[in-house]
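# Predicted structure and sequence below. I'll ask about it afterward.
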Amino acid sequence: MFESLSARLQAIAAGLRGKARITEADLDAALREVRLALLEADVNFKVVKDFVARARERAIGSDLLTGVNPGQQIVKIVHDELVEILGGQRFQLKLDGRPSVILMVGLQGSGKTTTAAKLAVRLRRDGRKPLLVAADVYRPAAVDQLVQLGDQIGVEVHSRPGGTPALEVARSGLEVARQRGLDVVIIDTAGRLHVDEAMMDELVRISGQVTPTETLLVVDAMTGQESVRVAEAFRARLPVSGLVLTKMDGDARGGAALSIRAATGVPVAFLGTGERTDGLEPFHPDRLAQRILGMGDILSFVEKVQETVDTEEAQRQAERLMQNRFTLEDFRSQLTQVKKMGPIGQLLQMVPGAGQMAGAAQEAVDSGQLKRIEAIIDSMTPDERRRPEIIKASRRRRIATGSGTSPAEVNRLLKQFVEMQRVMKMLQGGKLPRLGSGLGALLGR
């Protein structure tokens, strides 16, 4: 979502870092570019104005223009101001009730029902015992969807027969949780296509009866500044404690995500990406600012690896790599592990220095390039995967036919694999290969 803004800000930052001395005119020119980049990304105008004013005041007021590495220090100021408008500190759910109640609210189509299931997955991973409550009684498909999601993730869903008022569904769900010793109740409520009094009145009544410890407003980040207006409308009637921004993997400009905290005063709790039930990330203002400025986000990357990768298998493959015994079977297994971690473009944005490859890597996935690689490897015999050097012309033709590719593509993959092995030999010899050379070989670049 932040690809265009990130590219603009990284270019500005690179220009600043290269200067040994920066004049006030240089600073104003750079901040003018920052201002344009933020406005083009659909960041709220007042938020942009305050951002630039604070950044300029900090740079001038601390005599940074004449200090050591002034360009890098100004980049740090821009980073710190980004963190500030994003909220400063990470949001922490308050789950001190018995049971704790999380009320999910938002407009229809914002991803509320899917987000409720994603949140249940995350809470269960943290040792909680959640109950999902299907209180969107006006849209039967919403109840069915939540029940199906509950079956998929192994979390109980409480629902009542059609015609039962939403307030009664919410109250009975709370009672069921108490009886069964479940410690978190996640209530999925009804939405509308726009904010209206009937919806708000019902939500106010439900909130008054179940006394939620958290009221999370689910907002579609693709709607731009409209999401800010929606958040303000809900906050005027409900004790909204946190925001969940969904569809963060979309191609919108991302300005709403940057300005919604500063514009509404409500902190962002989570970011939703994709339809997978594990696609819900805690929102870290500092980490997002680092990603936008191309500094990477290695902490989130490590956490993602720990959540999804089989550590024993990863250790085995690492040992085989260093012993130069890495085979195409191991390579195929690595591709499977990477796919579990989510979109590869998002992963590379987290790796310092690798963000510039994110677009090409994601394009390779979207175009089916990695699927063709998997098909080629799957069409090999076990002996061919372990000893690719035995694959001569006749075998290449057979593999190409079996995988629906061409002998040239099979040959390209084998050359790419040899290149990856070369990189690993360099590491064994104590040499540091160029960052991304292995991935570049994989993508044919």
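Structure received.
# Give me the contacts around stretch 222-238.
Here stretch 222-238 makes contact (C-beta atoms under 8 Å, 6 or more residues apart in numbering) with 42, 44, 105-107, 195, 200, 203-204, 207, 215, 217, 219-221, 240, 243, 245, 247, 250, 252-253, 255-256, 259-260, 263-266. For the C-beta atoms, the positions are set from N, CA and C on the backbone; glycine is no exception.
# Low-confidence bits of the stretch 151-300 of the chain, can you list those?
249-254, 291, 294-300 (pLDDT under 70).
# Strands along that one, start to end?
For the stretch 151-300 of the chain, applying DSSP state E, counting those that start in this stretch gives strands covering 157-158, 184-189, 214-220, 242-246, 268-272, 280-282.
# Output those as a markdown table; include the columns mean neighbour count and distance to residue 48.
Compiled in a markdown table, the strands of the stretch 151-300 of the chain are given as follows (neighbours: other C-beta atoms under 10 Å; distance: least, C-beta to C-beta, whole Å):
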| stretch | mean neighbour count | distance to residue 48 |
| --- | --- | --- |
| strand 157-158 | 23 | 43 |
| strand 184-189 | 27 | 34 |
| strand 214-220 | 25 | 20 |
| strand 242-246 | 26 | 19 |
| strand 268-272 | 23 | 18 |
| strand 280-282 | 19 | 25 |
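# Dump the ones you listed into CSV; add distance to residue 328 as well.
Shown next, in CSV, are the strands of the stretch 151-300 of the chain (distance: least, C-beta to C-beta, whole Å):
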stretch, distance to residue 328
strand 157-158, 43
strand 184-189, 44
strand 214-220, 42
strand 242-246, 38
strand 268-272, 36
strand 280-282, 33
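# Nearest to residue 116, out of those?
strand 184-189 (4.5 Å; C-beta to C-beta).
# quick one: contacts for residue 104?
Residue 104 neighbours (C-beta under 8 Å, 6+ apart): 112, 115, 116, 119, 186, 187, 188, 189, 216, 218.
# Okay, domains of this structure per the record?
Structural domains assigned to the chain are 3-86, 100-295, 301-442, following automatic domain parsing.
# Any chance you could spot the residue sitting in the middle of this protein?
residue 273 (5.3 Å; C-alpha atoms, centre = their mean).
# State the distance from it to residue 289.
18 Å (C-beta to C-beta, to the nearest Å).
# Ok, residue 55 next?
For residue 55 relative to residue 289 (C-beta to C-beta), the value is 13 Å.
# tell me the two of the contacts of residue 104 that are most distant?
Once C-beta to C-beta is applied, the contacts of residue 104 give 119 and 189 as the farthest pair, at 13.7 Å.
# what about the helices in the stretch 51-200 of the chain?
70-86, 112-125, 140-153, 166-180, 197-210 (DSSP state H, counting those that start in this stretch).
# Quick check: which of those is buried the most?
helix 112-125 (a mean of 22; mean count of other C-beta atoms under 10 Å).
# And that one, what does it pack against?
strand 100-106, strand 130-135, helix 140-153, strand 184-189, strand 214-220, strand 242-246, strand 268-272, strand 280-282 (3 or more C-beta pairs under 8 Å, 6 or more residues apart in numbering; DSSP states H and E).
# Out of those, flag the one nearest residue 415.
strand 280-282 (36.7 Å).
# who does the closest one touch, helix- and strand-wise?
helix 112-125, strand 268-272.
# Looking at the ones you listed, which is nearest to residue 38?
strand 268-272 (17.2 Å).
# Can you show me the CA trace of the closest one as CSV?
What follows is strand 268-272, C-alpha atoms only, in CSV (Å, rounded to 0.1, in the frame of the first residue of the first chain):
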residue,chain,number,x,y,z
VAL,A,268,-4.5,1.8,15.5
ALA,A,269,-4.5,-1.7,17.1
PHE,A,270,-4.1,-4.1,14.1
LEU,A,271,-3.5,-4.2,10.4
GLY,A,272,-5.4,-6.7,8.3
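# Paired strands for that strand, with orientation please.
As defined by DSSP bridges, the strand partners of strand 268-272 come to strand 242-246 (parallel), strand 280-282 (antiparallel).
# Those into JSON lines, with extra columns for distance to residue 156?
Formatted as JSON lines, the strands paired with strand 268-272 follow (distance: least, C-beta to C-beta, whole Å):
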{"stretch": "strand 242-246", "distance to residue 156": "22"}
{"stretch": "strand 280-282", "distance to residue 156": "19"}
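# Can you read off the pLDDT for residue 89?
Residue 89 carries a pLDDT score of 80 in this model.
# so what's the nearest residue to it once chain neighbours are set aside up against?
Excluding the flanking residues, the one nearest residue 89 by C-beta to C-beta, 6 or more residues apart in numbering is residue 285, at 7.2 Å. Residues in contact with residue 285 (C-beta under 8 Å, 6+ apart) are 82, 83, 86, 87, 88, 89, 90, 268.
# Looking at these, which is nearest residue 163?
Nearest to residue 163 among those, with distances taken as C-beta to C-beta, is residue 268, at 36.5 Å.
# Just the buried positions in stretch 274-288, please.
In terms of neighbour count (16 or more other C-beta atoms under 10 Å), stretch 274-288 has its buried residues at 274, 277-288.
# how many other residues sit next to residue 289?
22 (other C-beta atoms under 10 Å).
# Now it. Nearest residue, chain neighbours left out?
That would be residue 82: by C-beta to C-beta, 6+ apart, it lies 3.9 Å from residue 289.
# does that neighbour really touch residue 287, like I thought?
No. Counting by C-beta atoms under 8 Å, residue 82 does not reach residue 287; the two are 11.0 Å apart.
# re earlier: any chance of the helices and strands packed on helix 112-125 in CSV, with distance to residue 160 too?
As requested, those are exported to CSV (distance: least, C-beta to C-beta, whole Å):
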stretch, distance to residue 160
strand 100-106, 17
strand 130-135, 8
helix 140-153, 9
strand 184-189, 13
strand 214-220, 22
strand 242-246, 25
strand 268-272, 27
strand 280-282, 27
